[in-house]
Structures are given as structure tokens and as C-alpha cells.
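Student: Generate coordinates for the sequence data below:
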Amino acid sequence: MSKTIKKIGVLTSGGDSPGMNAAIRSVVRTCAYYNVECLGIYRGYQGMIEGDFKEMGPRSVNNIVNKGGTILKSARSKEFMTKEGRKKAYENLSAAGVDALVVIGGDGSFTGAEVFNEEFGFPVMGIPGTIDNDIFGTSHTLGYDTALNTVVEAIDKIRDTASSHNRLFFVEVMGRDAGHIALNAGIGAGAEEILIPEEDLGLERLIESLQKSKSSGKSSSIVVIAEGDKIGKNVFELKDYFDANMPEYDVRVSVLGHMQRGGAPSCFDRVLASRLGVKAVESLLEGKTNYMVGLIADKVELTPLEQAIKGHYEIDRELLRVSDIMSI
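Tutor: Numbers count the residues shown, from 1 in each chain. So this is what the prediction gives:
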């Protein structure tokens, strides 16, 4: 029989993503709804080790649903990777009377939560927060929808200048290991080609495709590239190659970088964060532990943390087919 949970700690760890504040708000207010105390843990696992805590109530999360980033801050903690560091964190949580933990982050944060649970039997629940959308057990991670909208808006603006000057633009978006942002934003913004880590298009096919676009009457082209794509060592090397091999194009590079991680979360991300926060707290109060809450077929479901960490989220083959047809 699991012990009664009277106080829940909440932290954000790893990279930040739009929607994290909405999730913190949801956790805090769901705790208040069920008369459970809530403790905000600053700077992720590092703050847990240093005892950087703050009691949170429904009014302490006023006016944050619309803000990007995370009010609880985020930090990577090497110390938490050691048994001594985790023991210190456990002692601090126990001293503060915390009975369970909600971790908002990605697979690295979930791995830490799983190990923590294993060593101390401490109840944990994960909420997926990363713009890359590369976590198994949810169709959408927090921040992904917002990042897509940010990228599409940026590409729309780049297209205005590309078409004015007959230019070929390489637009690099985030996605070291996963091409979800590149693929969806590329289709949404009408890119001529999309390069992602999951599919090696190859230089020759890319040149062939762009030549075909040119001969069909397109005066400018946009190629969206996920940062983890394997064609070139980097996007600037790719530009040099095209400067040498397709001199008819004026080639430009735009790296969108960290602007994709910021900004006010979309309505979708705010609603998703609210739903996931409620489910995370209610699941802990029901005695469940070691799960991640996620969206599957538009229902909030639980996936074992281990599965969420080790499972592989596949790229949508149908979308690849759609992008091929749309680039004609």
C-alpha cells in the first residue's frame, strides 16, 4: 500500500521549451485542488541537491500560462549523476516533507527520475517537455507545436526575400537526432526539399531535385535542414558545395537556432500542458509511479518511464510521401 501523498515537488530539467510554465501552473493548481502542498524546485536536479525550494500555491503561478521558458529555471547536473548527489537530493526532499516528484523534461531528465525511484523508492511522474518531439509514448511533447509555428513564420518571411532575388535558401532548424520539426514545418511552409537525419537524401538527388524545380519554372527554392542531417558536415559546407556546383543560384544560409525554443506557447501547447499536469498529479495520488503522461490518439495516457526513454519514436512515412508530392 503506497503512503498518502501530502506534498508534491515539481521541477523542470534539461532544455527549456514553451509550455513548461503552463505545466508548472497545472501541477501547482491541481495540487491545490486536491489539498496537497506543492514545492517548486529551482534549477532541476541541481536545485534538488542544493535544497533550492519554494512553496507554491495557486496565486504563485498567476500570469505564467502565456510565458515561454520556465520560471523554475533549468540546469544540467553532473552531481546528480553520482550516487552521493542523488542521496543529498533525497535527504533534502525528505527534510522538506516531499512525498513525490513531477519531472518536466526530456529523456535525460526521465532517466534521472527512474534511477532516483529505483534507489530510494521515491514516487516520480514525468511530463514530456522538448521541442524535438522525440519521446516515445506521446504524439506531442510540450513546445513542439509552438516551435513549428515559429519556424513556419520565419520561413514565410525568408521566402519573401528568396523569391525577390531568385535565391536558394538553406534554412537550418533544430533536430539533432529527429527530423519532426524540419518535416512538418517544411511541408507547412512549402519547402522544395526537406533534409532530415532519418532519411539520407544524398547530394546528387538534392541537386537533381533543385534542377528539376528550376526547369519547371521555380525561380527560388527553400531547403529546410534538420541540424542532424547527414548530407554535409554542416549547413555552411553544403552552401560551399552548391556555390561550386550550382553557380546559377545565389545561395544563402539561415540558421534559426534558439529562437525556436522561445516565445509564448501556442494554444495547443497551453491546453496540452494543462491536461498533462492534471493527469501527472492525479496519477501520483492514485499511487502510480514511474510513468510519463503523454498524448496518444488525443487521450492522455500513461507510458512506463523506461519505455518512454528507450522506445523509438518513428518519423511519419506518410508525411515523407506528402512532402515528395508537394515539392513538384
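Student: Just give me the neighbour total for S77.
Tutor: By other C-beta atoms under 10 Å, the residues close to S77 number 20. Where you see a C-beta, it was placed from the backbone N, CA and C, and this is true even at glycine.
Student: List the contacts of it.
Tutor: 13, 44-46, 49, 85, 112 (C-beta atoms under 8 Å, 6 or more residues apart in numbering).
Student: Among the residues you listed, which are located in helices?
Tutor: Applying DSSP state H to the contacts of S77, the entries found in helices are 44-46, 49, 85, 112.
Student: Tell me the most packed of these, by neighbour count.
Tutor: Y45 (29 neighbours).
Student: Just checking, which helix or strand of the chain averages the lowest pLDDT?
Tutor: The weakest-scoring helix or strand in the chain, judged by mean pLDDT, DSSP states H and E, is helix 203-215 (a mean of 77).
Student: I'd like the contacts of S77 laid out as TSV, including pLDDT and distance to S163.
Tutor: Below are the contacts of S77 laid out as TSV (pLDDT from 0 to 100; distance: C-beta to C-beta, whole Å):
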residue	pLDDT	distance to S163
S13	91	42
G44	95	44
Y45	96	48
Q46	96	47
I49	96	53
G85	96	54
G112	95	47
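Student: so which of the ones in helices among the contacts of S77 comes closest to S220?
Tutor: Nearest to S220 among these is G44, at 43.5 Å by C-beta to C-beta.
Student: which residue sits closest to that closest one, ignoring its sequence neighbours?
Tutor: Leaving aside its sequence neighbours, G44 sits nearest to S13 (C-beta to C-beta, 6 or more residues apart in numbering; 3.6 Å).
Student: same thing with V255?
Tutor: E172 (4.5 Å).
Student: Please apply the same query to T138.
Tutor: Closest residue to T138 apart from its sequence neighbours, by C-beta to C-beta, 6+ apart: G294 at 2.8 Å.
Student: Check for me that the one you found belongs to a helix.
Tutor: No: G294 is assigned strand when assessed by DSSP: H, G, I helix; E, B strand; the rest coil, not a helix.
Student: ok, back up a step: export the ones in helices among the contacts of S77 as JSON lines, with columns for distance to I231.
Tutor: Listed next are the ones in helices among the contacts of S77 as JSON lines, based on distance: C-beta to C-beta, whole Å:
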{"residue": "G44", "distance to I231": "35"}
{"residue": "Y45", "distance to I231": "36"}
{"residue": "Q46", "distance to I231": "37"}
{"residue": "I49", "distance to I231": "42"}
{"residue": "G85", "distance to I231": "40"}
{"residue": "G112", "distance to I231": "34"}
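Student: can you tell me which of these lies nearest to L93?
Tutor: For those, the nearest to L93 is I49 (10.2 Å; C-beta to C-beta).
Student: I figured that closest one hits K87, correct?
Tutor: No: in this structure, I49 is not within contact of K87 by C-beta atoms under 8 Å, at 9.4 Å.
Student: Tell me the helix or strand right after the least confident helix or strand of the chain.
Tutor: strand 221-226 (DSSP states H and E).
Student: so what secondary structure elements neighbour that following strand?
Tutor: Counting contacts by 3 or more C-beta pairs under 8 Å, 6 or more residues apart in numbering; DSSP states H and E, strand 221-226 is packed against helix 144-165, strand 167-173, helix 180-188, strand 193-195, helix 203-215.
Student: For the protein, which segments count as strands?
Tutor: For the chain, the strands defined by DSSP state E occupy 7-12, 37-41, 53-56, 100-105, 124-128, 167-173, 193-195, 221-226, 250-255, 291-296, 299-304.
Student: Quick one: mean pLDDT over the second one.
Tutor: Averaging pLDDT along strand 37-41 yields 98.
Student: ok and that strand relative to strand 7-12, angle-wise?
Tutor: Interaxial angle, strand 37-41 versus strand 7-12 (axes from the mean of the first three to the mean of the last three C-alpha atoms, to 10 degrees): 30 degrees.
Student: now the end-to-end length of stretch 169-187.
Tutor: 15 Å (C-alpha to C-alpha, to the nearest Å).
Student: Buried residues in that stretch, which are they?
Tutor: Buried residues in stretch 169-187, counted by 16 or more other C-beta atoms under 10 Å: 169-175, 178-187.
Student: ok, now which ones touch the closest residue to N290 other than its chain neighbours?
Tutor: Distances taken as C-beta to C-beta, 6+ apart put L305 closest to N290, at 5.0 Å, once the chain neighbours are dropped. By C-beta under 8 Å, 6+ apart, L305 lies in contact with 110, 113-114, 117, 124, 126, 290-292.
Student: make it 6 Å
Tutor: Listed by C-beta atoms under 6 Å, 6 or more residues apart in numbering, the contact partners of L305 are 110, 114, 126, 290, 292.
Student: which of those lies closest to L39?
Tutor: G126 (17.3 Å).
Student: so that closest one sits right up against M292, yeah?
Tutor: Yes: assessed by C-beta atoms under 6 Å, G126 is found in contact with M292 at 3.8 Å.
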